[in-house]
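A.B. asks: sequence? don't have it. structure:
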């Protein structure tokens with residue numbers, strides 16, 4: 001799969017932490033440091049745009065675990081980048097902690113994971129062809 005990357009801001013190119021990393025680190029492409037107050041959220045540009053050509057792949061914006069422990073998470077919890085979106089990738093950052101969090105220029109603020117998209121066909125039925133033991137039992141059906 002070939003994905004085109006446009007660097008909108010010099011130095012925005014994303015990287016992987018290690019060879020075994022599944023996702024790419026996204027950076028805050030800001031001019032000056034920003035202090036994010038408790039329970040405040042902010043949309044930060046990453047300085048990159050993608051062309052994922054075709055509709056068999058999408059990208060997910062995920063939080064970085066080390067920042068999550070400190071209280072910096074994604075405002076929408078997980079971001080979805082559709083294959084036909086070609087604008088700048090932006091990250092909704094939310095400080096869920098009780099302390100201010102300093103976001104500095106170039107700081108790795110999130111991760112970008114590429115994943116295949118399954119496009120099922122649907123068949124409308126009155127009853128399912130096979131029945132499971134669980135059936136319609138929902139939340140907490142096995143106990144807490």
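C.D. replies: Nice, thanks for sending it over. What you are looking at is a predicted structure, and each value in this text was computed from that prediction instead of being measured.

A.B. asks: where does residue 26 land in three-state SS?
C.D. replies: strand (DSSP: H, G, I helix; E, B strand; the rest coil).

A.B. asks: what pLDDT does it get?
C.D. replies: Looking at residue 26, its pLDDT reads 96.

A.B. asks: could I get the full set of helices for this protein?
C.D. replies: Ranges of helices within the chain are 65-70, based on DSSP state H.

A.B. asks: which parts of stretch 24-35 are buried?
C.D. replies: By neighbour count with 16 or more other Cβ atoms under 10 Å, stretch 24-35 contains the buried residues 24-30, 34. In short, each C-beta sits where N, CA and C put it, glycine included.

A.B. asks: give me the beta-bridge partners of the residue positioned nearest the centre of the chain?
C.D. replies: For the chain, the residue nearest the mean C-alpha position is residue 61 (1.1 Å; Cα atoms, centre = their mean). Here residue 61 shows beta-bridge partners residue 79, residue 112, assigned using DSSP bridges.

A.B. asks: surely it meets residue 73?
C.D. replies: No: using Cβ atoms under 8 Å, residue 61 is not in contact with residue 73; the gap is 11.3 Å.

A.B. asks: give me the helices and strands touching the strand ranked longest in the chain, please.
C.D. replies: Once the chain is assigned using DSSP state E, the strand that runs over the most residues is strand 41-51. Contact here means 3 or more Cβ pairs under 8 Å, 6 or more residues apart in numbering; DSSP states H and E; on that basis strand 41-51 packs against strand 4-7, strand 24-27, strand 34-36, strand 88-95, strand 108-116.
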